[in-house]
Structure formats: structure tokens, C-alpha cells
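J.: make a model of this:
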Amino acid sequence: MILVLLGPPGSGKGTQAERLTDKLGLTHLSTGDILREAVKNGSELGAKAESFMKAGEFVPDELIIDMITTKMEETSNDSGFMLDGFPRNLVQAQKLDEIFKESSLTIDQVIYLNVPRAELAKRLSGRFYCPTCNAGYNYPVHLPKNDGVCDNDGEKLLRRADDEENVVQKRLEVYAKQTSPLEGYYRGQGLLVEIAADSDPDEVTQQIINSVSKVKTN
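T.: The predicted model follows:
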């Protein structure tokens, strides 16, 4: 089974990917993790990617696709894979379809975690950390007992730079421009399943498992 997990920043992709790969026995393939691993290991693909990253440029679609497909070939898992953070745009999605067709592979389902933009902004700007013990807090799942201070040591909580409100809005705009079109692309193929992900994370996980179970029985 091959699943694709889509969703804007703050939709809970990381949380759900971790839960689902464990419950379904899938291998979690995260673009960010694969990219960091390739660079760290000094592979040929990693060296190419690092050259773009050091220059402050985006890693080209072709290189990202090569890294993902190489990782899939290297990883043996009869249960399948969950792609997280990939494809990120229509070019990557179309190229992935071509590669899968050549390899007689197919995407079984694309899970889209749908969260209203206002809620996404609350989640992203509602993430804080303690500069002393590095404990993390976030809205709405894990809030500190006392607003603005760490439960462990009483230190004033800080917000990471990419969680500042103006940056959050920019991140959501980039997603809408680059990645949102994938929703229509996969809906047109009959693969997209939309999950209301603004509810309790346990409920979201169960909704996804129920949806995936239907694929398994067909």
C-alpha cells in the first residue's frame, strides 16, 4: 500500500504520520528526513542537494524525486509506504505518476487533512518553547498550566521565528500557491479523501484508519 499525506502547515501531518505508520506498519518517507539523511551520509544525491541548500536555493524537483524513489528502492517493506511532504507541487506529482507507472506501482489513497485557515494560524502561532529546558507547548493539545510560562521551571516561553504571525501567514500563502493544486489533481483521479482535521487527534487518526481500511477490502 502507498499512501500520500497532504495538508497545510499546522494540519497535524507529523503527528498523524507517526501514528499511522505505527498502526498500519508502513514505512514513513518524509522529504525533510530523507534530504537531511542524504546530506549527512554524503551520498551523491545528498551532495547535489547540499550545493543548492548552501546557495540558498530550492532543491530542484528532479533531485527530490530521485531521492524519494531511491529511498523506496533501498527500503524493503511488504506493507508499503506513506509519503509525507511529497509530492509538494504538480510537477512532482505528475513525475511520480510516470515513475510509478513504469514500476507498476500505484498510489492507493491520498489523505488530505483539512483545517480552516483561522485554526491553522492559531495552531502555528500558538507554539512555544522553554529556552531553559526546551519543553514544547502548543495550542490546543498541550498548553502550559500558567499562560506564557514553563510548567517545569517557570521560565518565560518563547516563540520560534517561523511561528511569528507574519511568517505563519506567508507559509500558508506558499502552501496555497504551490501545494493546494494537488488537492484537485488527486481528486480528479478519485484518490483524494478529505479528513476534517480540526477535531481531536485521536478522532482524526481513526477517521484515516477507517478510510484506509476500505481500500484494503476493495
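
J.: for the protein, what spans make up the helices?
T.: 13-24, 31-41, 44-54, 61-74, 90-102, 117-125, 165-178, 181-188, 201-217 (DSSP state H).

J.: against residue 95, how distant is residue 187?
T.: 19 Å (Cβ to Cβ, to the nearest Å). All C-beta spots, glycine's among them, are computed from the backbone N, C-alpha and C.

J.: hang on, I meant residue 173
T.: 25 Å.

J.: also residue 54?
T.: Counting by Cβ to Cβ, the gap from residue 54 to residue 95 is 25 Å.

J.: likewise residue 142?
T.: Distance, residue 142 to residue 95, by Cβ to Cβ: 38 Å.

J.: over to residue 19?
T.: Taken as Cβ to Cβ, the span from residue 19 to residue 95 is 29 Å.

J.: higher neighbour count, residue 173 and residue 95?
T.: Legend: neighbour count by other Cβ atoms under 10 Å for residue 173 and residue 95, higher for residue 95 (16 against 10).

J.: enumerate every residue touching the more buried one.
T.: Shown in contact with residue 95 (Cβ atoms under 8 Å, 6 or more residues apart in numbering): 61, 62, 65, 87.

J.: name the member of the residues you listed with the most neighbours.
T.: residue 87 (26 neighbours).

J.: contact partners for residue 186?
T.: Taking Cβ under 8 Å, 6+ apart, one finds 4, 6, 93, 107, 110, 112, 192 in contact with residue 186.

J.: recalculate using a threshold of 10 Å.
T.: Contact analysis of residue 186 by Cβ atoms under 10 Å, 6 or more residues apart in numbering lists 4, 6, 87, 93, 107, 109, 110, 111, 112, 192, 193.

J.: closest to residue 163 among these?
T.: residue 6 (21.3 Å; Cβ to Cβ).

J.: quick one: that closest one and residue 145, what's the gap?
T.: Distance, residue 6 to residue 145, using Cβ to Cβ: 35 Å.

J.: same question, residue 160
T.: 21 Å.

J.: circling back to that earlier point, may I see the contacts of residue 95 arranged in TSV, with pLDDT and distance to residue 40 as well?
T.: Converted to TSV, the contacts of residue 95 look like this (pLDDT from 0 to 100; distance: Cβ to Cβ, whole Å):
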residue	pLDDT	distance to residue 40
61	87	22
62	88	21
65	88	20
87	92	23
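
J.: what's the farthest-apart pair in those?
T.: Across these, the longest distance by Cβ to Cβ is 12.5 Å; it joins 62 and 87.

J.: quick check: closest non-adjacent residue to residue 117.
T.: Nearest residue to residue 117, sequence neighbours excluded (Cβ to Cβ, 6 or more residues apart in numbering): residue 172, at 6.3 Å.

J.: and that neighbour, how many neighbours?
T.: Neighbours of residue 172 (other Cβ under 10 Å): 18.

J.: same question, residue 187
T.: 14.

J.: residues contacting it?
T.: Residue 187 touches 110, 112, 193, 194, counting by Cβ under 10 Å, 6+ apart.

J.: top of those by number of neighbours, please.
T.: residue 110 (24 neighbours).

J.: doesn't residue 3 make contact with that one?
T.: Yes. Assessed by Cβ atoms under 10 Å, residue 110 is found in contact with residue 3 at 7.5 Å.

J.: on that earlier part again, so which of residue 160 and residue 145 has more stuff around it?
T.: residue 160 (12 against 8).
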